[in-house]
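> Quick one, fold the following:
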Amino acid sequence: MATLGTLAVNNRHDGFTLNGKPWFWLADTCWSAFTSITLEDWDYYLARRAEQGINTLQINTLPQWDRCRPDLGIYPYASEDGTTFDWSRPNPAYWERAREMCRMVVEHGIRPALVLMWCNYVPGTWGAMIAERFGTPVMPLEEVAAHVRRVVEELDEFDPVYVVTGDTDWKSDECLPYYEAALATVCELAPTRLRTMHINRANRTIPAQFVDRLDFLMFQPGHNAGAQDEAWKLPEDLAAAHPGKPMVNSEPCYEMMGASRNVYVRFGAKECRASAWSGILAGASAGVTYGAHGIWNWQTSRSEGSALGEGFDAPFRWQEALQLPGVWDFGLIPQVLGVLTHGSTDAVEPAQDVLDDAREAIRVARVGERSVAYLPFATVLKLKLDASRSWTAAAFDLEGKRVAHLPVTPCEDGIRVAQHPFTADALVVVTPA
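Predicted coordinates:
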């Protein structure tokens, strides 16, 4: 079987290496894969995502609570309805199928990132409160270590990353023994694998007892239409609280997702790009995750709703969601970063203090001697850079994939970069001549 190589945190502790070479986490969320996707459809999905540059898949090892129904009816533990389980009776058919799916993932050069305990299975979380409304019990604490052991025994040969938590908060301390059991077990059984926690939208809290055993941090701007500034606020706050940990924007707004709480909004490719680039320039340069509404929950022509309810507008069928254009924008990110960083010899360092503008949605970072700015809309860019030096500026049209060369002139307290000519968002790179 093909292997994916050794994934590690780099020496700067701001990103990853694969077999010693720089590697950017570019994931897709396919949370409900193991319960919902036929093997034939899985092969097509993987081939397409590999073409699009995806190198990691974030998958739930337990049935996703808000997956589309009907699913395939194959569950990890004995169950009549796919929501209530006999945790003492594992289903060999599910685990054999998960193994085959992971083998196919690796054959396409993609790495599985396996979530061990989604929040609805853990008491003291927001997810457990929702599950309780549907009469769905949480996993007994004594079964947590057994489940994690089963995941490692069945799937560790596929070079996974282990994501200990799924969409969790820490609503009460009741959840802490569960996550402690899961983290301690995976540390014991798979000590060389990278570990992290996927936390819920706008959460910037990680209990101190866990932090030192996490190799990198995930954060989630999520799908709230009025709070997309979390894409840059979360990495700023997490870096201040937990310095020296690579950060990944693990759940930005999903393309064509209806906003949370059923607000009548759909996120398009531009909003997804804004979340991605804003997070990267704010310090989360280790990677980013794409999502398409209809892929993560696997909507089909037969789908009639989700398992335990949902707070979003109707998803697109997976065949349509797989072709949404925004994923190609995400696929360009590591290519652009590779050029900017000269093969990662230069770090992407947040430099918001260089911006001479109060509009925080414009994000700025330093990459060596270059300044890189993300502009969600066309505007004049003013930077506090040495006006006695000669500068060049290039604007990359992130929608149309064009480049404009912009005049740079001295101004009070720095330099002025002329407005770019594009009607969508752009990345402006300012370089000393």
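
> which ones are touching the residue nearest to Trp23 when sequence neighbours are not counted?
Spatial nearest neighbour of Trp23, chain neighbours left out: Phe16 (4.6 Å); criterion: Cβ to Cβ, 6 or more residues apart in numbering. All C-beta atoms are positioned from the backbone trio N, CA, C, and that covers glycine. Contacts for Phe16 (Cβ atoms under 8 Å, 6 or more residues apart in numbering) come out as 7-10, 22-25, 194, 216, 246, 286-287.

> Repeat that for Val161.
Applying Cβ under 8 Å, 6+ apart, the residues contacting Val161 are Leu7, Thr56, Arg111, Pro112, Ala113, Leu114, Arg193, Leu194, Arg195, Thr196.

> Against Asp313, how distant is it?
For Val161, the distance to Asp313 (Cβ to Cβ, to the nearest Å) stands at 31 Å.

> ok so, going back, make CSV out of the contacts of Phe16 and add secondary structure and neighbour count.
Putting these into CSV (DSSP: H, G, I helix; E, B strand; the rest coil; neighbours: other Cβ atoms under 10 Å) gives the following:
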residue, secondary structure, neighbour count
Leu7, strand, 20
Ala8, strand, 15
Val9, strand, 17
Asn10, coil, 17
Pro22, strand, 16
Trp23, strand, 22
Phe24, coil, 23
Trp25, strand, 27
Leu194, coil, 20
Phe216, coil, 23
Pro246, coil, 23
Ala286, coil, 25
Gly287, strand, 26
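
> Next, format the residues you listed as TSV and append pLDDT and distance to Arg67.
Below are the contacts of Phe16 laid out as TSV (pLDDT from 0 to 100; distance: Cβ to Cβ, whole Å):
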residue	pLDDT	distance to Arg67
Leu7	98	28
Ala8	98	33
Val9	98	32
Asn10	96	35
Pro22	95	35
Trp23	96	30
Phe24	97	28
Trp25	98	24
Leu194	98	26
Phe216	98	26
Pro246	98	29
Ala286	98	28
Gly287	98	24
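
> and of those residues, the nearest to Thr345?
Pro22 (9.0 Å; Cβ to Cβ).

> any idea of the pLDDT on Thr3?
On pLDDT, Thr3 comes in at 84.

> What sits closest to it if chain neighbours are left out?
Take Thr3 and drop its neighbours on the chain: the residue closest to it by Cβ to Cβ, 6+ apart is Asp159, 6.1 Å away.

> hang on, isn't that neighbour packed against Ala113?
No - counting by Cβ atoms under 8 Å, Asp159 does not reach Ala113; the two are 10.5 Å apart.

> These two: which has the busier surroundings?
Ala113 (23 against 19; other Cβ atoms under 10 Å).

> Identify the bridge partners of that one.
Gln58, Val161 (DSSP bridges).

> In contact with it, which residues are there?
Here Ala113 is in contact with Ala27, Thr56, Leu57, Gln58, Ile59, Pro160, Val161, Tyr162, Val163 (Cβ under 8 Å, 6+ apart).

> Can you pull the domain assignment for the chain?
Using automatic domain parsing, the domain ranges for the chain come out as 7-340, 351-432.

> Check the ones you listed for me and report the most buried one.
When the domains of the chain are scored by mean count of other Cβ atoms under 10 Å, the highest mean neighbour count falls to domain 7-340 (a mean of 20).

> measure it end to end?
Distance across domain 7-340, first residue to last, is 22 Å (Cα to Cα, to the nearest Å).

> Contact partners for Leu141?
Contact analysis of Leu141 by Cβ under 8 Å, 6+ apart lists Pro177, Tyr178, Ala181.

> separation between it and Asp169?
18 Å.

> Equivalent analysis for Val429, please.
Per Cβ to Cβ, Val429 is found 38 Å from Asp169.

> Secondary structure element holding Glu154?
Glu154 is part of helix 141-155, with elements assigned from DSSP states H and E.

> counting contacts, what elements does the least confident helix or strand in the chain by mean pLDDT pack onto?
Here the helix or strand of the chain ranked lowest by mean pLDDT, DSSP states H and E is strand 305-306, holding a mean of 84. Counting by 3 or more Cβ pairs under 8 Å, 6 or more residues apart in numbering; DSSP states H and E, the packing neighbours recorded for strand 305-306 are strand 68-69.

> list the helices and strands the next helix or strand after the strand it packs on packs on?
Sequence order places strand 77-78 as the next helix or strand after strand 68-69, per DSSP H and E. Applying 3+ Cβ pairs under 8 Å, 6+ apart, we find strand 77-78 packed against strand 86-90.

> what's whichever helix or strand comes after the strand it packs on packed up against?
Once the chain leaves strand 86-90, the next helix or strand it forms, by DSSP H and E, is helix 92-107. Packed against helix 92-107 by the contact rule (3+ Cβ pairs under 8 Å, 6+ apart) you find helix 33-36, helix 39-51, strand 111-118, helix 141-155.

> quick one: helix 92-107 to helix 39-51, angle?
The directions of helix 92-107 and helix 39-51 differ by 30 degrees, with axes from the mean of the first three to the mean of the last three Cα atoms, to 10 degrees as the criterion.

> Report the rounded mean pLDDT for helix 92-107.
The pLDDT scores in helix 92-107 average 98.

> quick one: that helix to chain centroid distance?
Relative to the centre of its chain, helix 92-107 is centred 22 Å away, using Cα atoms, centre = their mean, to the nearest Å.

> which residues make contact with it from outside it?
Taking Cβ under 8 Å, 6+ apart as the rule, helix 92-107 contacts 1-4, 33-34, 37, 39, 42-43, 46, 57, 61, 74-77, 111-112, 150, 154-155, 158-160.

> Make a markdown table from the helices and strands packed on helix 92-107 and add mean pLDDT and distance to Arg273 to it.
Compiled in a markdown table, these are given as follows (pLDDT from 0 to 100; distance: least, Cβ to Cβ, whole Å):
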| stretch | mean pLDDT | distance to Arg273 |
| --- | --- | --- |
| helix 33-36 | 98 | 25 |
| helix 39-51 | 98 | 18 |
| strand 111-118 | 98 | 22 |
| helix 141-155 | 98 | 32 |
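
> and of those, who's closest to Asp353?
Taking Cβ to Cβ, strand 111-118 is the member of the helices and strands packed on helix 92-107 nearest to Asp353, at 33.9 Å.

> and the angle for the closest one with helix 92-107?
Here the directions of strand 111-118 and helix 92-107 differ by 140 degrees (the same axes, to 10 degrees).
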